[in-house]
Each structure stands twice: as C-alpha cells, then as structure tokens.
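Q: Attaching a predicted model along with its sequence, questions to come.
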Amino acid sequence: MAKMPGALWQGEHSPKVEMDRYDVVCVHTIVGYAPAHAAHFSVKADGTILQSRDTRYRSAANLNGNHRVIAIENEDHGPRFGGTPTLPEWVPLTLEQVEANGRILAWAHQTHDIPLELCPNSRAMSRGLAYHRQGIDGDFSRYRFPGRVSGGELWSGSRGKVCPTDVRIAQLPEILAHARALVNKEEEGIMALTDADAEKLVEAFMRYKPKGQELAVEQLLKQAANAPSVVRQEHRRDRAEE
Ligand SMILES: [Zn+2]
C-alpha cells in the first residue's frame, strides 16, 4: 500500500497489476483537465495533487515502462493556461504544479527509493526523474529535447507525441531542485531550532505561566535555553558516524 499523504485519493483506478520495481518518476501533460486516472498522480493548475492509483500497482501511462514507472499527469487546460490550447507547447507548469511535482518526487524517493536525479533516457537501467517523450519514437529534430534512444523502453504507442512539451520538459530541473530541498529540509530538520527560535520559545513560556506549574515552566525554560547547542552536538555526532 502506498498512498501519498496530502494527495486526494480518487479510489483505485487500476486493474491491480503490481509493479515489478521502482526506478522512475515520469512527468506528463494531460492535454486536458485533471484528473487523468491512467496515471498514479494528477496535478491541477493550483497544485492540488490527486491520486488515482496506489503505487503498489501499475499506471497505464508509460506502456512498456509501466512495471517500473510512477506517472504524474499535469493539467494544461483552463484559465491559468489561457483557456484551451490545441497543443500546449506554450504553457509551462504553474509554480504550484512545479512544487507539487517536487513533493511527489520527494515522496517517491522516500517511499520507493527513486533517486533524486534526472533520468538520462528510457533504458531499463536508467532511473530518476524522466519526461514521457524519452520513451516516444518520432522526428523530434525541431524540438529542444530528444525522444527515445536506441535500446530504450517504448513508453507510448503514439509516434511523434511530444508529451509533456519542450516548455514543460525544461522545468524538470526545477522540479528536481524542489524535491531535493524538501528531502534535505527533513533530514536537516533537527537543525531547525536556532538560538533565535529558542528565545521565542522562552518568551512564549514567560507569557504563559499557569498557576501551580511554575516549577515545570522553569524546567522547560532551562531545556529550551539548552536545546539548540545540545541538538547541534547530537547532529554533528550523527554526521561523524555516517
Ligand atoms: Zn505523456
């Protein structure tokens, strides 16, 4: 079972064929409105994440890659994209979508061990953050980003499909950077308590001194005052042991 916290569960839309392994998070564009239940996740213009398939099961968005690819579909129609483009080559992901894709990638990294790096192509050994066109055949010579390389898995039966468009493929490094920042923030979370934070805690305790608990408050104050340096020492020791 793997449902992402914070994603709005849409009910299981897969025929429940299990994944073989987890290598890739693949970015798509819907050419329409979210959700697209063929993918595990859909992201609306405002960054809302919808989940249509448990990641225990395969999506239907990446053809021969479905056994190892987690698929994200992104909305590209509606007011935020200037209406209904026939081909959304000119509509980048909204900032909220970039952040939501980053959250999904960070979760996929922590849950399924997908590496936080750009996937170079659709070959069976390649892993990381990919775009759909990497598994699509066609003449992409007039585009910025290439399609399937020789020996790569075929991720679509539609020859020449540009998904998720050049302008959105160009945003993959932003998605990756966001995921890395999220993961680092959690791993460094223990460092978040600075001296300034401790002072704020002390102030808060001073304002709130419940009757009959003065002694307990004094102890809390001492702990708060000592916390930052203690926490930093602990953290440094953990790092040294790695
Ligand atoms: Zn696609």
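A: Received it, and whenever you're ready, just let me know what you need. Residues are numbered from 1 along each chain as shown.
Q: so what are the domain limits for the protein?
A: The chain breaks down into these domains under automatic domain parsing: 8-187, 190-241.
Q: Would you confirm that Glu12 contacts Gln51?
A: No. Glu12 is beyond contact range of Gln51, at 9.7 Å (criterion: C-beta atoms under 8 Å). (Each C-beta comes from the backbone N, C-alpha and C, glycine too.)
Q: Go through the domains of the chain and pick out the most buried.
A: Highest mean neighbour count among the domains of the chain (mean count of other C-beta atoms under 10 Å): domain 8-187, with a mean of 19.
Q: Quick one: mean pLDDT for stretch 183-191?
A: Stretch 183-191 carries an average pLDDT of 71.
Q: which stretches of this structure form helices?
A: 95-112, 166-169, 172-187, 195-207, 214-241 (DSSP state H).
Q: mean pLDDT for these: which is lowest?
A: The weakest mean pLDDT among the helices of the chain belongs to helix 214-241, with a mean of 49.
Q: Same list (the domains of the chain) but as JSON lines, adding distance to Ala2.
A: Below are those laid out as JSON lines (distance: least, C-beta to C-beta, whole Å):
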{"stretch": "domain 8-187", "distance to Ala2": "4"}
{"stretch": "domain 190-241", "distance to Ala2": "26"}
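Q: Tell me which of those domains approaches the ion most closely.
A: Taking C-beta to the ion, domain 8-187 is the member of these nearest to the ion, at 3.2 Å.
Q: Just the terminal-to-terminal distance for the closest one.
A: End-to-end distance for domain 8-187, by C-alpha to C-alpha, to the nearest Å: 26 Å.
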